[in-house]
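> need a structure here:
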Amino acid sequence: MRLVQVGPVFFGIFVALACGSNVDESKVGDGAAASGNNTGSAATGNDINTGSGSTTGNGSGGTGQVVGSGNQCASLSADGEVTAVDLFFMVDSTGSMNCPVPDGGMRCDMPNGPPASGESRWTVVSAALEAFVADPQNQALGVGLSFFPSGNNQASCNAATYAKPDVAVAPLSMNAQPLTALISMHMPNGSTPTVPSLTGAIQYATQWATSHPTHRVAVVYATDGQPNGCNNNTVPRAAMVAAAGLAATPSIPTYVLGVGPELDNLNTIAKAGGTNTAFLVDTAGNAAMQLSAALATIRSTTALDCNYAIPAPPNGKTFVPGLVNIEYTNSAGAVTKIGPTVGGDTADCNTVSGWQYNKGQTQINLCGKACTDVKADKGGKIQVLFGCPTDVGVPPT
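Reported below is the predicted structural model:
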């Protein structure tokens, strides 16, 4: 088996071809296995056969091995890769982003806000975004960006306007320059079309995820205030949009970043979008530091090292979701089987431990303590074993 290093973790995947079969076609390997029970010509390469009995023979070209057992599962090793993560930012650039920071306890929610003087919500948000784009830790992320409202007043309440990104998603290693240029040239103005802009962001993220089925795609929605202008433009309506995006296939979670006072209602959108609570920045404090911390948490919450793409099975074979088990070997060599999450694939991965499939069953995600332990042990490795019935009796780590 060849193991592939991914971040701090070594990860190997075995794709099942058969389980408990006695037919020759179930064997897997590099060469031809010996036929029959305990007799036959020597094998070349390494073969695994699910027939009865066992034989080891030396043939020309190398040593072959046939392992037989009516209950043994045949597997083929394949490289596994950490799931790519793409974030699409939809960022508030309304007039109230000109409000000062700290706000001095003064209410500031006018659509066009006061002129910026010193630090404003906009200066700290734009600086935090530029720092996020430049951070070497983020270069493996795919990132895209749009601002709201649209400069076209007639289109600003139309969701289709926001489904067309200002900068399309691409790896930060390639996308940093256009993102930075867009942020630096943008100026706040206008009202807050929360529902249309969030709807458009999820539409774009859905299109992107559909064309990149092995990626994990999420929306990061940053805003400083209440919905303003447009019909049916309310927080409950925005929460319905986020919930629909999460429930769809592919599933799109929504992270919410609130900058300003009196933003607790944004938690409703975050919860509906599957991310529990919004990241709220208190502009009476050190907003820049809070923003940087919030963006770092969003990056780590996507659990880059705990999401694994399931490779396509060999030609003619079928992936069976119920024939999966996961083992974790720590740096000391101790092996632990990680059980599935209590509550199955629909359990909140932030509050339970174990493993689960993503909604489309294209990825295996480690949750809670299982994820934390694997990421913390630089010498550890994960093996995802396909072919035998999932051992649901093993409690999560």
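> going forward, measure contacts between C-alpha atoms and count neighbours the same way
Will do.
> for the protein, which segments count as helices?
Under the criterion DSSP state H, the chain contains helices at 121-134, 159-162, 172-185, 194-211, 235-247, 266-272, 287-301, 368-376.
> isn't residue 260 right next to residue 282, touching?
Yes: between residue 260 and residue 282 there is a contact under C-alpha atoms under 8 Å: 5.8 Å.
> closest to residue 310 out of the helices of the chain?
Closest to residue 310 of these, according to C-alpha to C-alpha: helix 194-211, at 15.7 Å.
> what's the average pLDDT for the closest one?
Mean per-residue pLDDT for helix 194-211: 96.
> check residue 19 and give its pLDDT.
37.
> quick revisit: compare residue 260 and residue 282 and say which is more crowded by neighbours.
residue 260 (25 against 20; other C-alpha atoms under 10 Å).
> which residues does that one contact?
For residue 260, the contacting residues are 121, 224, 225, 280, 281, 282, 283, by C-alpha atoms under 8 Å, 6 or more residues apart in numbering.
> doesn't residue 258 make contact with the last one?
No: counting by C-alpha under 8 Å, residue 283 stays clear of residue 258, with 10.0 Å between them.
> so can I have CSV of the helices of the chain showing distance to residue 144?
Below are the helices of the chain laid out as CSV (distance: least, C-alpha to C-alpha, whole Å):
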stretch, distance to residue 144
helix 121-134, 10
helix 159-162, 12
helix 172-185, 8
helix 194-211, 9
helix 235-247, 18
helix 266-272, 20
helix 287-301, 14
helix 368-376, 26
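> dump those into CSV; add mean neighbour count as well.
Putting those into CSV (neighbours: other C-alpha atoms under 10 Å) gives the following:
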stretch, mean neighbour count
helix 121-134, 20
helix 159-162, 20
helix 172-185, 16
helix 194-211, 23
helix 235-247, 20
helix 266-272, 23
helix 287-301, 17
helix 368-376, 18
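> residue 358 is nearest to which of those helices?
helix 235-247 (11.3 Å).
> got the angle between the closest one and helix 194-211?
Going by axes from the mean of the first three to the mean of the last three C-alpha atoms, to 10 degrees, helix 235-247 is angled at 10 degrees with respect to helix 194-211.
> begin at 33, not 1, for the rest of this chat.
Got it, first residue is 33 now, which makes that one helix 267-279.
> now stretch 250-265: buried residues?
Going by neighbour count (16 or more other C-alpha atoms under 10 Å), the buried part of stretch 250-265 is 250-262, 265.
> chain center to it: distance?
Chain-centre distance of stretch 250-265: 23 Å, with C-alpha atoms, centre = their mean, to the nearest Å.
> what about that stretch, start to end distance?
Start to finish, the residues bounding stretch 250-265 are 22 Å apart (C-alpha to C-alpha, to the nearest Å).
> residues making contact with it?
With C-alpha under 8 Å, 6+ apart, stretch 250-265 has contacts from 118-124, 128-129, 141, 143, 153, 189, 223-228, 230, 233-234, 237, 266-267, 284-295.
> quick one, which of these are buried?
Buried, going by 16+ other C-alpha under 10 Å: 118-124, 128-129, 141, 143, 153, 189, 223-228, 230, 233-234, 237, 266-267, 284-293, 295, out of those.
> now intersect those with the strands, please.
118-124, 286-291 (DSSP state E).
> of those, which is the nearest to residue 331?
residue 119 (9.0 Å).
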